[in-house]
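Participant: Pasted the sequence and its predicted model underneath.
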Amino acid sequence: MVVLVRLGQWVWAHWWVLVVVGVLALVVLAGWVHQQVDRIRSAQLRVEGLTYSLSQLDAMHHSAFEVAVRDLLARDGSRDALRCGGRGDLGADVKGHDPWGRFWVIQCKHRRKGLNGAAVGTPDLQTLNGTGRPVHGGDVVVMVTNGKISRPARDFARQQRLHLVDRQVLEQWARGRRPLWEILPAVPAPRKPPRIR
């Protein structure tokens, strides 16, 4: 108790020390915020104008493919695009909001052999369908592959309102001429007006 009383007396007598410490804390905080904003701007500049060829995408490791999909989503205006793939991802490798407020949940299936690899099948889409909306809260649920998608999987996707990005659509998107929400048919209506960049 005596220590607290003496500490209080010292603070009362030296109030200016608290002011200096407070100002220093604000300067440090402002510097940290500036650094974070600069880092975000730098990342945004890196993804603006980003393009990939199919041969580049084919040569990637599956985790690099997920990063590429995240970067393409960011390039097109998703400010919160996030790669979340890996063990326990519950069917979502990439998530993010588009400029119209729609939340995208994307599952990536990379095929090292491209079109010659195994087709994405119905079981892959069933997993995505079971988690994309109910678990992740996706407005737009998408399967992206650099390979092909089986006919039964395409039928299932149509029935369940899942969106498919096969090799052909991926090539259009990766070339960077149009964002994915302009390429895919029947994307849900925007939640809000677009943000001005």
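Facilitator: That came through, no problem.
Participant: State the distance from the residue nearest to the spatial centre of the chain to Ala74.
Facilitator: Taking Cα atoms, centre = their mean as the criterion, Ala81 is the residue nearest the geometric centre of the chain, at 2.2 Å. Distance, Ala81 to Ala74, by Cβ to Cβ, to the nearest Å: 4 Å. C-beta: built from backbone N, CA, C; applies to glycine.
Participant: picking up where we left off before, not counting sequence-adjacent ones, nearest residue to the residue nearest to the centre of the chain?
Facilitator: Closest residue in space to Ala81, ignoring its immediate chain neighbours: Gly96 at 3.6 Å, by Cβ to Cβ, 6 or more residues apart in numbering.
Participant: which residues touch stretch 84-93?
Facilitator: 63, 66, 69, 83, 94-95, 105-108, 127-128, 130-132, 135-136, 138 (Cβ atoms under 8 Å, 6 or more residues apart in numbering).
Participant: Show only the entries of these found in helices.
Facilitator: Counting by DSSP state H, these place 63, 66, 69, 127-128, 130-132 in helices.
Participant: Spatially, which two of those residues are the most separated?
Facilitator: Spatially, the most separated pair among the ones in helices among the contacts of stretch 84-93 is Ser63 and Gly130, at 23.0 Å (Cβ to Cβ).
Participant: ok, the residue nearest to the centre of the chain touching Ala68?
Facilitator: No: taking contacts as Cβ atoms under 8 Å, Ala81 lies outside contact range of Ala68: 11.3 Å.
Participant: Could you break this structure into its assigned domains?
Facilitator: 2-47, 54-183 (automatic domain parsing).
Participant: tell me the most buried of the ones you listed?
Facilitator: A comparison of the domains of the chain by mean neighbour count, using mean count of other Cβ atoms under 10 Å, puts domain 54-183 on top with a mean of 18.
Participant: What mean pLDDT does that one get?
Facilitator: Taken as a whole, domain 54-183 has a mean pLDDT of 93.
Participant: before we move on, back to that, could I get the contacting residues of the residue nearest to Ala81?
Facilitator: By Cβ under 8 Å, 6+ apart, Gly96 lies in contact with 70, 73-74, 78-82, 103-104.
Participant: If we use 10 Å, what do you get?
Facilitator: Gly96 sits next to 70, 73-74, 76-84, 102-106 when contact means Cβ atoms under 10 Å, 6 or more residues apart in numbering.
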